[in-house]
Every structure is written in structure tokens, then in C-alpha cells.
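Chemist: show me how the following folds:
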Amino acid sequence: MSKFKFSALISFACLMSVVLYTLIGLSQSPQPTIRLTTEPPVNQILPFEAEASSPQSPVKLKLQAVDGAGKPLENAKINLKILTPSKNPWFTTDFPIVEGTKLLEMTTNAPKGEMQWQQMLPIRGKYHFQVNVTPNVANAFNPIEQTLTLSVSENWVKFRNFGILAVILLVVGFGGGWVIGGQQKILPGEIAPERVRILLSVAMIVAIIAMLVINLSATVAHSHTIQHTPSISDSGIVQQDGLQTQILGDKSATVGQTAKLGVKVIDQKTNQPAKDILLNIKATQLEDGWAAFSYKGIPDTTGQFIWQQQFFDGAPHKIEIEISPLTNAVRQFSPLRLEREIEVEGIAPPLTTRFIALGYMILIVIIGLLIGLGLRRNLATQN
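Modeler: Residues are numbered from 1 along each chain as shown. Next up, the predicted model:
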């Protein structure tokens, strides 16, 4: 091998070593990321409980975009989508229509690289937060796209109530099996002993009542909001202190689907979007008064803030928006308040879901029946 070829080979090997070292260094260097924090802590978060005896508060959530050194990414825009836990027909939640749907979507300017809001989480399971962070100034940093998860455990009260119901059904089945397993006399013209016929009749009545309760409760959940009469009218356009404000978007919603909502603020003197303002948005369920969603932030460059929200409860909600000046704003004014009532159409759970729940109850009764029947027959054999 000539000296020239040997020198070229050594140079190529050195060059590849430098490239490989650089790639390894870049792969091992800290990368920008998105952090999710909650209050209360994740292990203390419980899903929404319908008709709870004590007041319920939404979960305080915070997203923060940081660079490899852990410093906030300033002058960012954050887009967020929250997807509810996926469907599970065999172990459904209190709101089966909500499973596997979009709960919230919004885009906001984040001068300090963070977003804070409050959200009521309707069901147990794993929520997916799809977050996309982009710079407001071109090439300030590379966009970040990340999916975060938040697991919500079921309320222990649900397990307690199910355990009590299971014990009752098991005892009922055991009693039926004990009666049927005893020595019974069939009189002429009868197809079964009298006590067996009475037991089967009672079981049939209980099954019919259970089906009626399940169907009526679903029907009431579907129709009670339709009969509701709005008590608060749409505020429409409000003009005050040189500002023109308006609530945008839908006036009605359906469970399982997101409603598109928004607010727009215009400076009447310049007819330009107002930017030096703070928006305080809150969505409240009207029947029980709990907060479903709240957010504080600033509008975008068009003077608007648009978001999509699902009203999972099926009851009417009220959107309240307070517009106030920023602390360091040149123009100061008295806070403006807008509100709109949203009618929400409830959707009854699928028929298959109700039959599966009824099937579980029947199965527990049958297990108790077999236990009682077997014990009674074993006792009779021993005697």
C-alpha cells in the first residue's frame, strides 16, 4: 500500500470517528421536553362523581416547555388536546359515551413557556395529553411534539358499593338455591313445587324491575336537560371603555362531542385586536354549581381565544368570561363580564352496555344459586 493511500485511509478513519463522536454526544445531550404537573398529586386525583355528597373541585393542571438545561422556552405557542380513556365495554365507566373522545382542545400564547388551567376529569383510566409547542419567533427553538399520559384511579366508594350489591345478589341466589335444593313435592297438575314457582316468580319480578330502573335512569339522563328552560340569555356583543367584546361559538352541545367556543375583543378606537388584556374563563354546571373548566390567559394576535370543550355531564352549563387589563398595560379599565348558557343534550348509554351490566348481576345470582343448591344437596345426601 502506498503512503498516499495509507494517509487517506487514516484521514477517513479520523473523520468518521469525529462524526460518530458528535452524533453520540448529540444523542446523549438533554433534549427539550414538556412537563405535566397536577394539584392534587396524581395518586390523589379521583374521577367526577355524579350527585356527590361533598363539593368537587377540578384538577389544577400545568404544562411547562423547557429546553435541555431545564429553562423555560419563552415566547412559545402551546396547542393542547386531551383525549379521554379508551372504551372498554366489559368494564364501563359512569359515562360510557365519553370514553374514547376528545375532552378539551385549545391553543394559547405562552410568554413563559407554560400553560395552567383547571379541568374536571369525568372518568377513570389513562388520559392522553397531545401537546405541540412552537415558537412565536421564527427559529427561536425547534418545535416540540409530545404525548403525555395521566392515569386516574377509580373512586374506592364505587368498589364498596359494588361489593355491597354483589353480596346482596349472592345472598339472594344462595337463598333460592337452598330452597330449590330441598325436598319438594309436586302435586298433580303442577309442573314445579309451589315454593319453586314462587321463587321463580319473584326472580322474574326483580329482573323486570332492574331492567326498568336501568332504562328509566338512562331515559331521565337523556331527557332532563331537554326540558330545561334557560334562565340566562346570551349576552351577545358588549361595548365598554372603548372595547367591543363578544362570545363566539356554539350555544348548545352534545355529550361525547366538543363544542367550539371563543371570545373576541376589539379596540373600538383603532378597530384593531386588543392584546394588553387578561381573559378569565370559567365553565360551571348549573344544576349543582361545580366548575368543569377554568383558564386564565391572553388572546392571540387577532384578539381572540378559541377553545373546544366537551360537556360530559349532560346538564346545562354557563360560560363566564371576565376581561381585565394586564397589570403593566397602558390602558386600564373596569373588568368586563360576559356570559352564555350552553344547553347540553345527554345521550343514553348503549343498550349493549346496559345488558352487560344486567348480565353481571344475573351471573352473581346464578353463582349464589349454585352454591346454595350444592350445599343443600350435599347436606341431604349426608343425612
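Chemist: A283 against G289, yeah?
Modeler: No. At 12.0 Å, A283 and G289 do not qualify as touching, with contact defined as C-beta atoms under 8 Å. In this view, the C-beta of every residue, glycine as well, is placed from N, C-alpha and C.
Chemist: so which of these two has more stuff around it?
Modeler: Ranked by neighbour count (other C-beta atoms under 10 Å), A283 and G289 place A283 first, with 25 against 9.
Chemist: what about that one, which SS state?
Modeler: Counting by DSSP: H, G, I helix; E, B strand; the rest coil, the backbone at A283 sits in strand.
Chemist: how near is it to I366?
Modeler: Distance, A283 to I366, using C-beta to C-beta, to the nearest Å: 45 Å.
Chemist: now swap in N271 and tell me
Modeler: 73 Å.
Chemist: go on, L80?
Modeler: For L80, the distance to I366 - C-beta to C-beta - is 47 Å.
Chemist: which of these two has more neighbours?
Modeler: More crowded of L80 and I366, by other C-beta under 10 Å: L80, with 21 against 14.
Chemist: list the buried residues of stretch 318-329.
Modeler: Neighbour-count burial for stretch 318-329, counted by 16 or more other C-beta atoms under 10 Å, picks out 318-321, 323-325.
Chemist: cool, and stretch 156-167?
Modeler: A166.
Chemist: how about I347, what does it touch?
Modeler: 97, 222, 254-256, 314 (C-beta atoms under 8 Å, 6 or more residues apart in numbering).
Chemist: can you check P299 too?
Modeler: Going by C-beta under 8 Å, 6+ apart, the list of residues near P299 reads 263-265, 273-275, 277, 279, 305.
Chemist: rerun that using 10 Å as the cut-off
Modeler: P299 makes contact with 108-109, 262-265, 273-279, 305-306, 323 under the criterion C-beta atoms under 10 Å, 6 or more residues apart in numbering.
Chemist: of these, buried ones?
Modeler: When these are checked for burial by 16+ other C-beta under 10 Å, the buried set is 108-109, 262-265, 273-275, 277-279, 305-306, 323.
Chemist: closest one of those to Q382?
Modeler: T108 (74.8 Å; C-beta to C-beta).
Chemist: in a helix, that closest one, correct?
Modeler: No. Read with three-state DSSP, T108 is strand and lies in no helix.
Chemist: related to what we said a few turns ago, which of the contacts of I347 sit farthest apart?
Modeler: H222 and G256 (12.1 Å).
Chemist: between the two, who's got more neighbours?
Modeler: Higher neighbour count among H222 and G256: G256, with 21 against 16, using other C-beta under 10 Å.
Chemist: quick check, that one in contact with P96.
Modeler: Yes. Using C-beta atoms under 10 Å, G256 is in contact with P96, at 9.3 Å.
Chemist: so what sits against both of A283 and G289?
Modeler: Joint contacts of A283 and G289 (C-beta under 10 Å, 6+ apart) are K318.
Chemist: circling back: got any residues that touch both of H222 and G256?
Modeler: 314, 345-347.
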